[in-house]
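1. Sequence and predicted structure, then a few things I'm wondering about:
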Amino acid sequence: MSTYYVELEAAGPAPPDSGEPKRYQTRNVLQIHPMLDQLTIDSFEPLVGSSFWLHWNGHKVELRLIRAARVMESEAARLKRTAFSLFFLAPLFIPQGIHHLTHDALPEPLDIFLVPVEKQGDAYTVEAVFT
């Protein structure tokens, strides 16, 4: 079984007072960003300790990659790649969602789903999981 994440884009509002839910078009993130499908933990281990740049709300925020770790070892046989997590240290709270990141060592930007997981003093740990 494959896991696919989709971005939702409003296709237009439902007719007024129709009682219908808002309609959405879905786009497969892996089709839009084919590089995401090729990334493995080996792509990121050499980058631990380096800076990624989050482009958010008109600001460029430094995220320090503090750890790359394998996850769900028991599920690895079902997946096309070994699942892994990336942990970043952010200087401010980053809300859960898809965020645009860049790094000098990567050929193209990444749009990845980030989740805040813990506060450490004045910084926040943010996690991205790749399955």
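-> Now that the structure is in, tell me what you want to look at.

2. Okay, helices next: where are they in the chain?
-> Counting by DSSP state H, the segments of the chain that form helices are 29-32, 35-38, 41-44.

3. and the last one, which residues are buried?
-> Of all the residues in helix 41-44, those buried under the rule 16 or more other CB atoms under 10 Å are 41, 43-44. For the C-beta atoms, the positions are set from N, CA and C on the backbone; glycine is no exception.

4. For Gly121, state which of these is nearest.
-> Within the buried residues of helix 41-44, the smallest distance to Gly121 is 24.3 Å, found for Phe44 (CB to CB).

5. Quick check, that closest one in contact with Leu65.
-> Yes: at 6.8 Å, Phe44 and Leu65 qualify as touching, with contact defined as CB atoms under 8 Å.

6. joint contacts of those two?
-> Counting by CB atoms under 8 Å, 6 or more residues apart in numbering, the residues touching both Phe44 and Leu65 are Leu86.

7. Quick check: which ranges of the protein have low pLDDT?
-> Applying pLDDT under 70 to the chain flags residues 1-35, 72-79.

8. Strands along that one, start to end?
-> For the chain, the strands defined by DSSP state E occupy 6-12, 23-28, 51-56, 59-70, 84-90, 97-102, 110-120, 123-130.

9. List the contacts of the longest one.
-> Okay, so that is strand 59-70. 41, 44-45, 47-55, 82-92, 94, 101, 125-126.

10. returning to what we had before: and of the strands of the chain, who's closest to Leu36?
-> Using CB to CB, the strands of the chain put strand 110-120 closest to Leu36, at 6.8 Å.

11. Give me the helices and strands touching that closest one, please.
-> helix 35-38, strand 84-90, strand 97-102, strand 123-130 (3 or more CB pairs under 8 Å, 6 or more residues apart in numbering; DSSP states H and E).

12. at 7 Å instead, please
-> Helices and strands touching strand 110-120, as assessed by 3 or more CB pairs under 7 Å, 6 or more residues apart in numbering; DSSP states H and E, comprise strand 97-102, strand 123-130.

13. Okay, buried residues for the last one please.
-> Read it as strand 123-130. Neighbour-count burial for strand 123-130 flags 123-128, 130 (criterion: 16+ other CB under 10 Å).

14. Format those as JSON lines; extra columns: distance to Val61.
-> Shown next, in JSON lines, are these (distance: CB to CB, whole Å):
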{"residue": "Ala123", "distance to Val61": "12"}
{"residue": "Tyr124", "distance to Val61": "11"}
{"residue": "Thr125", "distance to Val61": "14"}
{"residue": "Val126", "distance to Val61": "10"}
{"residue": "Glu127", "distance to Val61": "16"}
{"residue": "Ala128", "distance to Val61": "15"}
{"residue": "Phe130", "distance to Val61": "21"}
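
15. Having no further points to raise, I will conclude here.
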